[in-house]
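[1] Please find the sequence and the predicted model below.
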Amino acid sequence: MNKTWMTAAIVAVCGAAGFGVAFMRSSSQPSPSSEVADFRATMSANFAAQCFQAARSSSPAEVTDAKLHSFCDCTATRVNTALTDADVQALAEQERRGVTAPPALLMDKAKPIAATCRTEAGLAG
């Protein structure tokens, strides 16, 4: 298994779908701090779920679901931790403007985290 499929999975999960759901769920909150907290929670859950779907569809059958869940949960949690509140607000603003490409801000943080989580989950590559 090589790094390319895992990077492709990260790119797929960082698309507009996960952020769109996070934004829609958090946009009804009146306070900025509530919006950030809600956006973080929803984004992390969506990221992990979409990551697993993308990783499962792009990985060999012999790679266990447990390893993929471990990788995706690790990546989602650590990306969420790596994002500052200002980063989260910038991502929410991109979503408001209809940006559909994976945000560079997120990808810059996600790539090294994904590499670490890949190793920790026991995924070769």
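    Sure, I can see it. Quick caveat: nothing in here was measured; it's all calculated off a predicted structure.
[2] how much space between the spatially most central residue of the chain and residue 73?
    In the chain, the residue lying closest to the centroid (Cα atoms, centre = their mean) is residue 47, at 3.6 Å. Remark: distance between residue 47 and residue 73 (Cβ to Cβ, to the nearest Å) = 9 Å. Every residue, glycine included, has its C-beta placed from N, CA and C.
[3] How about residue 53?
    14 Å.
[4] Longest helix in this protein, please.
    helix 32-58 (DSSP state H).
[5] Which is the succeeding secondary structure element to that one?
    Toward the C-terminus, helix 32-58 is succeeded by helix 65-82 as the next helix or strand (DSSP states H and E).
[6] and residue 33, what pLDDT?
    Among the per-residue scores, residue 33 holds a pLDDT of 73.
[7] State the number of residues packed around the residue nearest to it when sequence neighbours are not counted.
    Distances taken as Cβ to Cβ, 6 or more residues apart in numbering put residue 85 closest to residue 33, at 7.9 Å, once the chain neighbours are dropped. Neighbour count of residue 85, defined by other Cβ atoms under 10 Å: 14.
[8] Next: residue 83.
    22.
[9] pretty sure it is touching residue 113, no?
    No - Residue 83 lies out of contact with residue 113 (Cβ atoms under 8 Å); the separation is 10.6 Å.
[10] before we move on, back to that, number of residues surrounding the residue lying closest to the residue nearest to the centre of the chain once chain neighbours are set aside?
    Once flanking residues are discounted, residue 47 sits nearest to residue 76: 4.1 Å by Cβ to Cβ, 6+ apart. The local packing of residue 76 (other Cβ under 10 Å) involves 25 other residues.
[11] what's the pLDDT at residue 76?
    The predicted local confidence for residue 76 is 93.
[12] OK, contacts around it?
    Residues in contact with residue 76 (Cβ atoms under 8 Å, 6 or more residues apart in numbering) are 44, 45, 47, 48, 51.
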